[in-house]
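**Student:** Model the structure of this input:
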Amino acid sequence: MDKAPINWTNMLLFSLTPAFAVTLVPLYGYFYGYDLYEWLMFLFLMMFCGLSVTAGYHRMWSHKAYKAHPIVRFIFALGGACALQNDVMHWSSDHRRHHRFVDDNQRDPYSAGRGFWFSHIGWILRNHESSKEDFSNIKDIQQDPIAVWQHKHYLSLVLLTNIGVPALLGYLHGDIIACLLLGGLLRLVLSQHVTYLINSIAHMWGGQTFSDSHSARDNPFLALITYGEGYHNFHHTFQWDYRNGVKWWHFDPTKWLIRTLSWIGLTRNLKRTSPAQIETARLQMQYQKAQEKFAMRDIPENWRLKLEQEYEQFQLLLNQWNEMRQTWQEAKEKRIQDALAHWEHMQLRDRYKELKYSVKVQKKRWREVLRNLHDALPAPA
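**Tutor:** Numbering: from 1, shown residues only. I've put the predicted structure just below:
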């Protein structure tokens, strides 16, 4: 098969910037050093462009997981240009195709099935057919005046944010070169490859907690350096959710930013997957993995029946919980302020809480069954 033609602009950009970063940055540091101001500026610009991609390009524009005030969208458009990962229209179009055709080596723009190098950066270095410009899947984004403005002035914004801003901060501080090297060059290279790790490593290493119908993995370590994007199996399973780290303790700064902005009215309509849907997906994967494990071992029939019974009971409770949650939400939205409606609403709420508690108890039982079955497994021959 003939290789796709090289994209020389990208080839030079992604070859020269890392080469300059690993030579010029340490050399200047050795001879002149960097101070606290310059490192803080580097961290600020790193987070600015990183969160603009994760909260803006990714969760807002690509997945419509929430809506944002024009001021927020404007800031994200600037930060996205600073990240130099293409304008929001190109980025979102590619990403929507990635989700629609995930792991399809012919149609997924950065399919992990084509290997680490291709999914990480190789797909950018050549003009592959799967990355051909096609905006037919972003009609909604083409109606956003801020996205249109960024698309029209992208090159100017790239130069302004990557050279103009660090140079200005350096001028005010008294060291333009240091700020250009840290806030411009090093920040650019690191922020780009942090994003690309999601396309590559997050589809190769980690757990498949919610689904194995795609290659996406949950990788908590990756979440630490990608602003929460490492919970990638959850994201591909529930891509409309504004969260990636669904637990409160999951490290997901992007989620925290979106939620915090909602408290002051700058974001709204935050989409969340229901707890019952999440637990159902987790349960099905646990049951599937248990069956696969037990199929390779000699397991007593009573253990298999126990597993199946607990699974069916858990599934039944989750379905009831989800239905009751929907009914309760509808009642909250439609109830009339009279005594009878209030009484019915209170009954629904109490029933919902009862089911929620039953699910919690059954979840503990299910975990205990899995643990006991694991302990009872005979050693492989």
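
**Student:** Next, Trp249: phi, psi?
**Tutor:** When quoted as degrees, to the nearest 10, the phi and psi of Trp249 stand at phi -90, psi 0.

**Student:** And the one 4 residues further on, by the same measure?
**Tutor:** Here is the backbone geometry of Pro253 (degrees, to the nearest 10): phi -60, psi -30.

**Student:** quick one: contacts for it?
**Tutor:** Residues in contact with Pro253 (C-beta atoms under 8 Å, 6 or more residues apart in numbering) are 51, 227-228. (Glycine included, C-beta is placed from N, CA and C.)

**Student:** and if we set it to 10 Å?
**Tutor:** 47, 50-51, 54-55, 223-224, 226-229, 245 (C-beta atoms under 10 Å, 6 or more residues apart in numbering).

**Student:** From the residues you listed, keep the buried residues only.
**Tutor:** Using 16 or more other C-beta atoms under 10 Å as the burial test, these include 47, 50-51, 54-55, 223, 226-229, 245 as buried.

**Student:** ok, Lys289 to Leu283 distance?
**Tutor:** Applying C-beta to C-beta, to the nearest Å, the value for Lys289 to Leu283 is 11 Å.

**Student:** Can you pick out the residue with more neighbours from these two?
**Tutor:** Leu283 (19 against 13; other C-beta atoms under 10 Å).

**Student:** Tell me where the stretch 151-300 of the chain has helices.
**Tutor:** 154-159, 165-173, 176-179, 187-200, 220-225, 232-237, 253-263, 275-295 (DSSP state H, counting those that start in this stretch).

**Student:** which one of the ones you listed is the most hemmed in?
**Tutor:** Comparing the helices of the stretch 151-300 of the chain by mean neighbour count (mean count of other C-beta atoms under 10 Å), helix 232-237 ranks first with a mean of 25.

**Student:** just how off-centre is it within its chain?
**Tutor:** On the basis of C-alpha atoms, centre = their mean, to the nearest Å, helix 232-237 sits 7 Å off its chain's mean C-alpha point.

**Student:** likewise stretch 140-155?
**Tutor:** Worked out by C-alpha atoms, centre = their mean, stretch 140-155 lies 22 Å from the chain centre.

**Student:** ok, residues contacting it?
**Tutor:** With contacts defined as C-beta under 10 Å, 6+ apart, stretch 140-155 is touched by 56-57, 60-62, 64, 68, 70-78, 80-81, 84, 86-93, 96, 135-136, 138, 157, 160.

**Student:** Give the buried residues for that stretch.
**Tutor:** Result for stretch 140-155 [16+ other C-beta under 10 Å]: buried residues 141, 144, 146-147, 150-151, 154.

**Student:** Please name the nearest non-neighbouring residue to the spatially most central residue of the chain.
**Tutor:** Nearest to the centroid of the C-alpha atoms of the chain, with distances taken as C-alpha atoms, centre = their mean, sits Glu229, at 3.7 Å. In this structure, Glu229 finds its nearest non-sequential neighbour in Ile198, 5.0 Å apart by C-beta to C-beta, 6 or more residues apart in numbering.

**Student:** how near is that neighbour to Arg217?
**Tutor:** In this view, Ile198 and Arg217 are 10 Å apart by C-beta to C-beta.

**Student:** overlap in contacts of these two?
**Tutor:** 230, 232.

**Student:** returning to what we had before: derive a PyMOL selection command for the buried subset of the contacts of stretch 140-155.
**Tutor:** A single PyMOL command is used to select the members of the contacts of stretch 140-155 judged buried by 16+ other C-beta under 10 Å:
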select buried, resi 56+57+60+61+62+64+68+72+73+74+75+76+77+78+80+81+84+86+87+88+89+90+91+92+93+96+138+157
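
**Student:** quick one: which of the contacts of stretch 140-155 sit in strands?
**Tutor:** Cross-referencing the contacts of stretch 140-155 against strands under DSSP state E gives Ala68.

**Student:** pretty sure His120 is touching Val194, no?
**Tutor:** No. The pair His120 / Val194 is not scored as a contact, 11.3 Å apart, by C-beta atoms under 10 Å.

**Student:** From the chain's centroid, how far away is stretch 201-208?
**Tutor:** Distance of stretch 201-208 from the chain centroid (C-alpha atoms, centre = their mean) equals 13 Å.

**Student:** tell me which residues in that stretch are buried?
**Tutor:** For stretch 201-208, by 16+ other C-beta under 10 Å, it's 201-203, 206, 208.

**Student:** what's near enough to touch Trp8?
**Tutor:** 125, 127.

**Student:** Distance check, it against Ser15.
**Tutor:** Going from Trp8 to Ser15 by C-beta to C-beta gives 10 Å.

**Student:** One more: His90?
**Tutor:** Per C-beta to C-beta, His90 is found 21 Å from Ser15.

**Student:** Also Ala167?
**Tutor:** As defined by C-beta to C-beta, Ala167 lies at a distance of 24 Å from Ser15.

**Student:** Over to Ala68?
**Tutor:** Between Ala68 and Ser15 the computed distance is 35 Å (C-beta to C-beta).

**Student:** tell me the pLDDT at the residue lying closest to Pro70 once chain neighbours are set aside?
**Tutor:** Once flanking residues are discounted, Pro70 sits nearest to Ile146: 6.3 Å by C-beta to C-beta, 6+ apart. pLDDT, Ile146: 98.
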